[in-house]
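**Student:** fold the following.
(one chain, ligands or ions: 1)
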Amino acid sequence: MERKYPHLCAPITLGRTTFRNRMFSAPMGGTDITNDGCIGPKSIAFYELRAKGGAAAVTVSECMVHPQTDGSHAYHLDESILNSLACATYTADAIRRHGAIASLELSHSGMYSGTYMIDKSKQHGMTQWGPSACVRPDGVQVGELTVEMIQEIVFAYGHVAELAKRAGFELLMIHGGHGWLINQFLSPMFNKRTDEYGGSLENRCRFAVEVLKAVREAVGPFFPIEFRLSGAEFVEEGYGLDEGVRIAQQLEPYINLLHVTAGTYQRTFGITHPSMFTDHGRNVYLAAEIKKHVKVPVATIGGLNDPAQMEEIIASGKADVVYMARALLADPFLPRKVAENRDDEIVRCLRCFTCMAERAATSTRRCTVNPLIGRECEGDEVTPALVKKKVLVAGGGPGGLYAAYTAARRGHQVVLCEKENELGGILKSEQALPFKYEMYQLTGTYEKLARDAGVEIRLNTEVTKEYAEKENADALIIAVGSEPLVPPIPGLDGDNVVVVNNYYREKDKVGSEVVVMGGGLAGCECAIHLAQEGKTVRLVEMQDELAPDANVRHRPLMLRQMEEQGEKLTVCTGHRALRATASGVVCQNKDGREVLVPGKSVICALGQRSRADVVEQLRDAAPFVRVIGDAAKVSTITNAVYWGYHAALDI
Ligand SMILES: Cc1cc2nc3c(=O)[nH]c(=O)nc-3n(C[C@H](O)[C@H](O)[C@H](O)COP(=O)(O)O)c2cc1C
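**Tutor:** Here you go, the predicted model:
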């Protein structure tokens, strides 16, 4: 068989271990950890699915090596904990039995220990330890590790490495990037020591080298060891790519794979985890440059989800391996689809950060486009229905499409009706925003999956009670979504007013000076886009806070984008819109005074409301009825897809 992406599909040997292709699953961790620090069954199933999906290596994330000085990620491998080795062994085995290599990431968070996994209530009860004493930006005191403590941590790396090997892991990723302990030693920003662990580059690398030697000693000469290095830190006081190259050269003798990531978790989150506002593969150049100066194979990572781009990276010699984190949440089967020339079936990551936000908020996993994430234990196979039924889906947004696709996979006869002449529902509006174009494209992917599964799609077809009854379906899934909220503010019916959902088809109506009414997620993103187009934008919002509906990871990055628009974008919070006029929006400001926020065009982005009347009309139109997505409650695409999936399983 001729593979469409031969370089991505070519095996690679590191140490004496051969990996089946060049697509590796990056660490994504820290959920479903038992109280005594073991990997729970949900996490085992999560890692297993990544292996089943075809990744060559699956990294189990952040095993803490020295709980006495680290409390970040809770998961640790320790013989004194009943079950610890057993859980690790079950995990490695769950990965290995699908032909992937199980890898374990060994980590220590150093001065940032306990910040986001354990210390959620910000009690700062733990002592934080780093290369140098300091006070963290959040006011937490950090103590300087003594040489004895450093030696103890080095020893712990070796000990945990030995246990990991015993448990069946066949690759170890030593986490030396993202601002955690080893990175803190490498970095002139954190490391102010004057002893043999600080100062010169060689001294700053000493801790990393000692750790790598201890791990090598524990696992033997042929076992592959990988080092995760931020190629550059992207902060003035940190190291840049030049030093990244020199650090790589120092570490090269001790490793089999150099994994080049970027930035630090605390300071450059949007570089370490490239957001929708940046290019795919924005960090590849770091790996490519370092690769020119080392002989050891190099891996790259960061916003990669396109097989053609990844093929080019390997083919052109920029890197030897590509790692993906979020892309494999969106579609764990991406590597298998690449290998089987089914890349048009890949569900792409939207870089919406639901995954990371959910983890921060509830310590669970979720993905907008993949309803199974975090719930793999419940089984990734869609069970065929015992009795085949006729299913009618009203509404062709993401939730309706996913419900239809899932019902068809179960063997039901499925008809999906969309009242407009195009599928997508609320996602249609995203086509106007280049940074959200992938969200728009999701419709096309789901449509393909649904059609291939046998769904009949009828456009320009509204499901009324009469229509549904005539169809005589056994099950009806109501996915009619929501409609824009246009409050009775005078002037909103004016010719110069465009409702944000319609902007994609009424772009021409929007001039060079615009007022955006409403500072929720939709209003803010539209304002960014208009400013990027060179327009002068003023955003008015009644509350003091912008975009409370955005998730905690996306929101700060989006607010930064707003700031970066400079004078093009002015934000007027605490402004209650009174009326829209031909020359702008008259608002009441916080002092109670009326002010005109000027702008000849007005975008109305004041929220959505469920299509409750349609739902009520359809409630008794079939024996089994389920309301999903915005039609049930104005919410997220994540919920629409998740509820759609389960509605289809419940039929
Ligand atoms: C949900 C989630 C959890 C993550 N957890 C870890 C982790 O435990 N250890 C780590 O080194 N990196 C972690 N990362 C960072 C990823 O490994 C990766 O470096 C980053 O997401 C960029 O890759 P991507 O653009 O392919 O997502 C995590 C990323 C995500 C999305």
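
**Student:** quick one, domains of this structure?
**Tutor:** Following automatic domain parsing, one gets these domains for the chain: 6-378, 390-477+609-650, 497-606.

**Student:** reformat the ones you listed as CSV; add mean pLDDT and mean neighbour count.
**Tutor:** For glycine as for every other residue, the C-beta is placed from the backbone atoms N, C-alpha and C. Below are the domains of the chain laid out as CSV (pLDDT from 0 to 100; neighbours: other Cβ atoms under 10 Å):
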stretch, mean pLDDT, mean neighbour count
domain 6-378, 94, 21
domain 390-477+609-650, 97, 21
domain 497-606, 97, 19
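
**Student:** nearest to the ligand, out of these?
**Tutor:** With Cβ to the nearest ligand atom as the criterion, the ligand lies closest to domain 6-378 of these, at 3.2 Å.

**Student:** to Pro488, which of the domains of the chain lies closest?
**Tutor:** With Cβ to Cβ as the criterion, Pro488 lies closest to domain 497-606 of those, at 10.6 Å.

**Student:** and the closest one, how far out from the chain middle?
**Tutor:** Distance of domain 497-606 from the chain centroid (Cα atoms, centre = their mean, to the nearest Å) equals 27 Å.

**Student:** quick one: end-to-end distance for it.
**Tutor:** Between the start and the finish of domain 497-606 there is a gap of 13 Å, counting by Cα to Cα, to the nearest Å.

**Student:** ok, stretch 25-43 next?
**Tutor:** Stretch 25-43 end-to-end distance (Cα to Cα) = 14 Å.

**Student:** in JSON lines: the domains of the chain, plus distance to the ligand.
**Tutor:** Compiled in JSON lines, the domains of the chain are given as follows (distance: least, Cβ to the nearest ligand atom, whole Å):
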{"stretch": "domain 6-378", "distance to the ligand": "3"}
{"stretch": "domain 390-477+609-650", "distance to the ligand": "13"}
{"stretch": "domain 497-606", "distance to the ligand": "9"}
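
**Student:** and those domains: which comes nearest Pro490?
**Tutor:** Closest approach to Pro490 among the domains of the chain (Cβ to Cβ): domain 497-606, 4.1 Å.

**Student:** now the helices: where do they sit in the stretch 401-550 of the chain?
**Tutor:** Using DSSP state H, counting those that start in this stretch, the helices found in the stretch 401-550 of the chain span residues 437-453, 465-471, 521-532.

**Student:** please export the C-alpha coordinates of the last one as CSV.
**Tutor:** This means helix 521-532. Coordinates of each C-alpha in helix 521-532 appear next as CSV, following Å, rounded to 0.1, in the frame of the first residue of the first chain:
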residue,chain,number,x,y,z
LEU,A,521,-17.0,36.1,24.1
ALA,A,522,-18.8,36.7,20.8
GLY,A,523,-18.5,40.5,21.0
CYS,A,524,-14.9,40.4,22.1
GLU,A,525,-13.8,38.0,19.3
CYS,A,526,-15.6,40.0,16.7
ALA,A,527,-14.0,43.2,18.0
ILE,A,528,-10.6,41.7,17.7
HIS,A,529,-11.3,40.6,14.2
LEU,A,530,-12.6,44.0,13.1
ALA,A,531,-9.6,45.7,14.6
GLN,A,532,-7.3,43.2,12.8
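
**Student:** output the contacting helices and strands for that helix.
**Tutor:** On a contact count with 3 or more Cβ pairs under 8 Å, 6 or more residues apart in numbering; DSSP states H and E, helix 521-532 meets strand 513-517, strand 536-540, helix 554-564, strand 569-572, strand 601-604.

**Student:** distance to Gly523 for those - can I get that in CSV?
**Tutor:** Formatted as CSV, the helices and strands packed on helix 521-532 follow (distance: least, Cβ to Cβ, whole Å):
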stretch, distance to Gly523
strand 513-517, 5
strand 536-540, 6
helix 554-564, 11
strand 569-572, 10
strand 601-604, 7
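
**Student:** who wins for proximity to Glu483 among the domains of the chain?
**Tutor:** So among those, domain 390-477+609-650 is nearest, using Cβ to Cβ, at 5.9 Å.

**Student:** start and end of that closest one, how far apart?
**Tutor:** OK, domain 390-477+609-650 end separation, Cα to Cα: 14 Å.

**Student:** compare the helices of the stretch 401-550 of the chain and give me the one nearest Ala360.
**Tutor:** Of all those, it is helix 521-532 that lies closest to Ala360, at 17.5 Å by Cβ to Cβ.

**Student:** angle of the closest one against helix 554-564?
**Tutor:** 30 degrees (axes from the mean of the first three to the mean of the last three Cα atoms, to 10 degrees).

**Student:** how about the helices of the stretch 401-550 of the chain, which one is nearest Leu49?
**Tutor:** In terms of Cβ to Cβ, the element of these nearest to Leu49 is helix 437-453, at 17.6 Å.

**Student:** which elements pack onto the closest one?
**Tutor:** helix 398-409, strand 413-417, strand 456-458.

**Student:** wait, isn't Ser84 in contact with Asp36?
**Tutor:** Yes - the pair Ser84 and Asp36 qualifies as a contact (Cβ atoms under 8 Å) at a distance of 7.4 Å.

**Student:** using CSV, write out every CA atom in stretch 188-199.
**Tutor:** As requested, the backbone C-alpha atoms of stretch 188-199 are provided in CSV (Å, rounded to 0.1, in the frame of the first residue of the first chain):
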residue,chain,number,x,y,z
PRO,A,188,19.2,32.5,34.3
MET,A,189,15.8,34.0,35.2
PHE,A,190,15.3,31.6,38.1
ASN,A,191,18.8,30.3,38.8
LYS,A,192,20.8,32.9,40.7
ARG,A,193,23.1,30.4,42.5
THR,A,194,26.8,31.1,42.9
ASP,A,195,27.8,27.5,43.6
GLU,A,196,28.5,24.7,41.1
TYR,A,197,24.8,24.6,40.1
GLY,A,198,24.6,28.3,39.0
GLY,A,199,26.3,30.9,36.9
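
**Student:** pull the residues that contact it.
**Tutor:** Residues outside stretch 188-199 that contact it (Cβ atoms under 8 Å, 6 or more residues apart in numbering) are 110-111, 130-132, 134, 144, 147, 150, 179, 183-185, 203-204, 206-207, 233, 235, 237-239.

**Student:** go on, stretch 419-436?
**Tutor:** Identification of contacts with stretch 419-436 by Cβ under 8 Å, 6+ apart yields 276-277, 350, 395-401, 437, 439-440, 442-443, 447, 457, 459-463, 479, 481-482, 500-504, 507, 525-526, 528-529, 532, 608, 630, 637.

**Student:** so how far is stretch 156-166 from its chain's centroid?
**Tutor:** 30 Å.

**Student:** how about stretch 454-474?
**Tutor:** Going by Cα atoms, centre = their mean, where stretch 454-474 is centred and where its chain is centred differ by 36 Å.

**Student:** likewise stretch 333-346?
**Tutor:** Distance, centroid of stretch 333-346 to centroid of chain: 20 Å (Cα atoms, centre = their mean).

**Student:** again with stretch 212-225
**Tutor:** Worked out by Cα atoms, centre = their mean, stretch 212-225 lies 32 Å from the chain centre.

**Student:** how long is that stretch end to end?
**Tutor:** Termini of stretch 212-225 sit 8 Å apart (Cα to Cα).

**Student:** surely Val294 touches Asn256?
**Tutor:** No - in terms of Cβ under 8 Å, Val294 does not count as a neighbour of Asn256; the distance is 11.8 Å.

**Student:** which stretches of the stretch 551-651 of the chain form helices?
**Tutor:** 554-564, 612-618, 637-650.

**Student:** could I get the ones you listed as TSV with distance to Gly54?
**Tutor:** Below are the helices of the stretch 551-651 of the chain laid out as TSV (distance: least, Cβ to Cβ, whole Å):
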stretch	distance to Gly54
helix 554-564	29
helix 612-618	40
helix 637-650	22
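
**Student:** and the next helix or strand past the lengthiest helix in the chain?
**Tutor:** Longest helix in the chain by number of residues (criterion: DSSP state H): helix 147-167. Helices and strands here follow DSSP states H and E; after helix 147-167, the next one along the chain is strand 171-176.
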